[in-house]
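Chemist: coordinates only, no sequence provided:
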């Protein structure tokens, strides 16, 4: 079993028992030994292999937000996601001139993962309900780490898929020629959205694969084969578009 020096720089060491060696000086911006207990309880660290723990903890930074402060603004570029260590925050969606409550997030929850993973602007507003202590990982570091440790990307992908399927309210999003406005329904591997064709100005229903499915090469291959099979059908009662 591997053990790690915990501090500004983490590395595997050969030792019968965990040793915490903190070398940080000045402002508390990197994990301290006492922070490790928290990280060890998070779903993130449980989802990635042990060899990925050191690189991840060496890449995160600490952030404090006072109660009432804005952590994320809807529509802003998404360049960082956060894990809450202390406190709680509320998520609201700005839509149709209204502020709609979506959820409340607490210790151990991840915030802001969707924009980091998809590259889209922030899809909601997040405000500190109490004083918050969070740990952030930038998109740049996330992308670099995910190349060597794909379990990290898989963790966020599954989380995004869960967030998509657990809410029937979504921010307006433009994907290709379509403006997506609402969620109509969902099945085992896809979500059906209500939308509008931007060029034709026509209402449409858009069926999209769930994000975790869309990242699965085997599923994509089977999905394309199914599409080719359907496209090859020729019958008077089938309308081709």
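Modeler: All right, it came through fine. It should be emphasised that the depicted structure is a prediction, and the values quoted were computed from it without experimental measurement. Residues are numbered from 1 along each chain as shown.
Chemist: tell me, how many residues neighbour residue 85?
Modeler: Residue 85 sits with 19 neighbouring residues when counted by other C-beta atoms under 10 Å. Every residue, glycine included, has its C-beta placed from N, CA and C.
Chemist: packing partners of the strand or helix carrying residue 185?
Modeler: Element membership of residue 185, judged by DSSP states H and E, is strand 178-186. Contact analysis of strand 178-186 by 3 or more C-beta pairs under 8 Å, 6 or more residues apart in numbering; DSSP states H and E lists strand 173-175, strand 190-197, strand 202-209 as its packing neighbours.
Chemist: which of these comes out lowest on mean pLDDT?
Modeler: Among those, strand 173-175 has the lowest mean pLDDT, at a mean of 63.
Chemist: between strand 202-209 and the strand holding residue 185, find me the angle.
Modeler: Relative orientation of strand 178-186 versus strand 202-209 (axes from the mean of the first three to the mean of the last three C-alpha atoms, to 10 degrees): 60 degrees.
Chemist: which parts of this structure are strands?
Modeler: Here the chain has its strands, by DSSP state E, at 3-4, 12-13, 61-65, 70-72, 80-86, 89-95, 98-105, 110-111, 125-128, 132-138, 173-175, 178-186, 190-197, 202-209.
Chemist: for those strands, give me JSON lines that also has distance to residue 148.
Modeler: Listed next are the strands of the chain as JSON lines, based on distance: least, C-beta to C-beta, whole Å:
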{"stretch": "strand 3-4", "distance to residue 148": "17"}
{"stretch": "strand 12-13", "distance to residue 148": "15"}
{"stretch": "strand 61-65", "distance to residue 148": "20"}
{"stretch": "strand 70-72", "distance to residue 148": "28"}
{"stretch": "strand 80-86", "distance to residue 148": "18"}
{"stretch": "strand 89-95", "distance to residue 148": "31"}
{"stretch": "strand 98-105", "distance to residue 148": "28"}
{"stretch": "strand 110-111", "distance to residue 148": "21"}
{"stretch": "strand 125-128", "distance to residue 148": "29"}
{"stretch": "strand 132-138", "distance to residue 148": "14"}
{"stretch": "strand 173-175", "distance to residue 148": "30"}
{"stretch": "strand 178-186", "distance to residue 148": "33"}
{"stretch": "strand 190-197", "distance to residue 148": "31"}
{"stretch": "strand 202-209", "distance to residue 148": "26"}
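Chemist: nothing else from me, thank you.
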